[in-house]
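Participant: what's the 3D shape of this:
(2 chains)
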Amino acid sequence: MEQAIAVKEVYSIEDLNLWYDKKQALKSIQLTLLEKQVTAIIGPSGCGKSTFLKTLNRMVELEPKVRIEGSVRYRGTGIYDRTYPVEKLRDSVGMVFQKANPFPKTIYNNIAYGPRLRGIKNRRVLNEIVEKSLKQAALWEEVKDILHKEALSLSGGQQQRLCIARCLAIQPDVILMDEPTSALDPISTLKIEELIEELKQSYSIIMVTHNMEQAQRISDRTAFFLEGELVEYRLTEQVFTSPVDKRTEDYIMGKFG
Amino acid sequence: MRIQTVNRIATSIIILCAGIMVTIMLTILGYVLFKGIRFVDWHFITTVASTFNVGGGIKDQLWNSFYLLVITMVFTIPLGVAGGVYLAEYAPDNRITAFIRSCVEILASLPSIVVGLFGMLVFVNTFHWGYSILSGAIALTIFNLPVIVRVTEDALRAVPQEIKEASMGLGVGQWYTMKKVLLPAAFPGILTGIILSAGRVFGESAALLFTAGLTSPDLDFTHWSPFSENSPLNIFRSAETLSVHIWAVNSVGIIKDKVAVASGSAALLVIIILLFNLAARGLGALIQKRMTGK
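Facilitator: Predicted structure coming up:
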């Protein structure tokens, strides 16, 4: 028996369709994402996995000529409702990108950026947030003496953890990660994977990855996307040991992609 | 072997062109300074110009150049930067904005004498502002807007898209992203545009002949009320700038030492532009430090 009772839904998506101009990128997607779990989204390049991730915090709207139909409900409210304020959504849903993208500011100011926008000016409070976020992102020990150095002087792996810390500083509910380790070396990747394990205690994490071992190592559930469709979405173990769909099996066996 | 030869030839041509460019610039600069620097002294800088007698200075013209620059920049910077921000971030990609862009480009290629005559017809005559600092400043604003708009737009577009995404992803609105991330990152480029157009203001004469005028009232540097006739701050008085003065002394001047005055003014103008550029760079570095710091 699965202990389904204790687990809450963060997102429920129904019949989600998305077009870039005339090309359909998501076809009738239907799934629910659960609280305090790591959900991995896998699939070959161009299958719509990143697009899907970006619909969850409406970043997809920054792309030109996007049209969206269907319903995406976050904690029960439709985020594409006309009255839903996008800033409020991104208050609760943080995002970590494929390429580490710190601002050209100091380490401290990168972390303090989000809290400052939310009106926190008190130096002591900001200091606490910065320290706490960096500790959560397992970066504190490495940077505690150089907080006022440029963030761009850090290594790639450190920059990515800084971006995670920056995201944690706004105390999100959900963290979206778009192939967060694809540009990193194996050691940095390992550190970030350990970090995700840790963060899962308090946050719901939805992660796009092209690395199937990574999905197996750290995710609770896996969704397999192919050509804009959701092919299979189950417990990670089941997806990888006994896939139901032939296409999933072919993909995880490495027959294409 | 062939590739190496081609490489060597290309390198030589590039170095040759760069050499020619530097030689021309140094020659002109050296000539202007060499001819004029001996006439520049404290007396020259602090004495008013004389219409008939030998020994006049350029005190008022120097002040007018600076003051006109300030007033022009007060109009140009906000309008130009806002225009560039709009075109880079807010404007939809359609025919109307393409039309706006080509208008900006056409405006940039207008001969300055045309801008000057336009300024005379509209600001001087129709608006009855007369030959004044205001007329001159607005004519120069028309003249300089395209530079700032263009430079601002390009500088903003050169900021990596990832940084913008990072900010938007933190639930930060478009304006806050602009103010806190995009503008600070684009600031060095925008500053270069501002310095370039400031240099144009210092050096411009054709657009000012018919707008700011060829004369200045006797300025009273103890009297700073902007509404008084001969106050240095009055924007409705006529104001001959240093470069207009060079032109006027050379072509219609009747003073015996007109060569000395013109050469001295030219040398001084070059030095001032140089100092201004250095100061602007220094100030810019300071501002950017503050902007990225917070």
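
Participant: For the residue in the stretch 101-250 of chain B that chain A sits nearest to, which residues are in contact?
Facilitator: Chain A sits closest to B:Gly171 of the stretch 101-250 of chain B, with a gap of 3.2 Å, by Cβ to the nearest Cβ. Just so you know, the C-beta spots here come from the backbone N, C-alpha and C atoms, and that holds for glycine as well. Counting by Cβ atoms under 8 Å, 6 or more residues apart in numbering or on different chains, B:Gly171 makes contact with A:86-91, A:114, A:117, A:170.

Participant: nearest to A:Lys8, of those?
Facilitator: A:Lys8 has its nearest neighbour among the contacts of B:Gly171 in A:Leu89, at 17.8 Å by Cβ to Cβ.

Participant: tell me which strands and helices the helix or strand hosting B:Lys289 is in contact with?
Facilitator: According to DSSP states H and E, B:Lys289 maps onto helix B:258-293. Here helix B:258-293 touches helix B:2-36, helix B:42-46, helix B:59-85, helix B:183-203, helix B:242-252, going by 3 or more Cβ pairs under 8 Å, 6 or more residues apart in numbering or on different chains; DSSP states H and E.

Participant: mind running it again at 10 Å?
Facilitator: helix A:107-117, helix B:2-36, helix B:42-46, helix B:59-85, helix B:183-203, helix B:242-252 (3 or more Cβ pairs under 10 Å, 6 or more residues apart in numbering or on different chains; DSSP states H and E).

Participant: among those, which is nearest B:Lys164?
Facilitator: Taking Cβ to Cβ, helix B:183-203 is the member of the helices and strands packed on helix B:258-293 nearest to B:Lys164, at 9.3 Å.

Participant: Helix or strand next in line after the closest one, which one?
Facilitator: The first helix or strand that comes after helix B:183-203 along the chain, using DSSP H and E, is helix B:206-209.

Participant: Could I have the CA atoms of that following helix written out in CSV?
Facilitator: The C-alpha trace of helix B:206-209 is given here as CSV (Å, rounded to 0.1, in the frame of the first residue of the first chain):
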residue,chain,number,x,y,z
ALA,B,206,26.3,74.8,-37.1
ALA,B,207,23.2,73.8,-35.2
LEU,B,208,23.9,76.6,-32.7
LEU,B,209,24.5,79.6,-35.0
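
Participant: chain center to that helix, what's the gap?
Facilitator: Relative to the centre of its chain, helix B:206-209 is centred 14 Å away, using Cα atoms, centre = their mean, to the nearest Å.

Participant: before we move on, back to that, make CSV from the helices and strands packed on helix B:258-293 and add mean neighbour count and distance to A:Val130 to it.
Facilitator: Listed next are those as CSV, based on neighbours: other Cβ atoms under 10 Å in any protein chain shown; distance: least, Cβ to Cβ, whole Å:
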stretch, mean neighbour count, distance to A:Val130
helix A:107-117, 24, 5
helix B:2-36, 11, 48
helix B:42-46, 13, 52
helix B:59-85, 20, 30
helix B:183-203, 19, 20
helix B:242-252, 19, 52
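
Participant: Out of these, flag the one nearest B:Ala280.
Facilitator: When the helices and strands packed on helix B:258-293 are ranked by proximity to B:Ala280 (Cβ to Cβ), helix B:183-203 comes first, at 4.9 Å.

Participant: Does that closest one reach chain A?
Facilitator: Yes - for helix B:183-203 and chain A, the contact criterion (Cβ under 10 Å from any Cβ of the partner chain) is met by B:184-185.

Participant: ok so, going back, residue contacts, the residue nearest to the residue of the stretch 101-250 of chain B closest to chain A when sequence neighbours are not counted?
Facilitator: Excluding the flanking residues, the one nearest B:Gly171 by Cβ to Cβ, 6 or more residues apart in numbering or on different chains is A:Arg90, at 3.2 Å. Contact analysis of A:Arg90 by Cβ atoms under 10 Å, 6 or more residues apart in numbering or on different chains lists A:57-59, A:114, A:170, A:172, B:168-173.

Participant: In ChimeraX, select just the buried ones from those.
Facilitator: Buried residues within the contacts of A:Arg90, by 16 or more other Cβ atoms under 10 Å in any protein chain shown, are selected in ChimeraX with:
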select /A:57,58,59,114,170,172 /B:168,169,170,171,172
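
Participant: Take the contacts of A:Arg90 and keep only those in helices.
Facilitator: Taking DSSP state H, the ones among the contacts of A:Arg90 that sit in helices are A:114, B:168-169.
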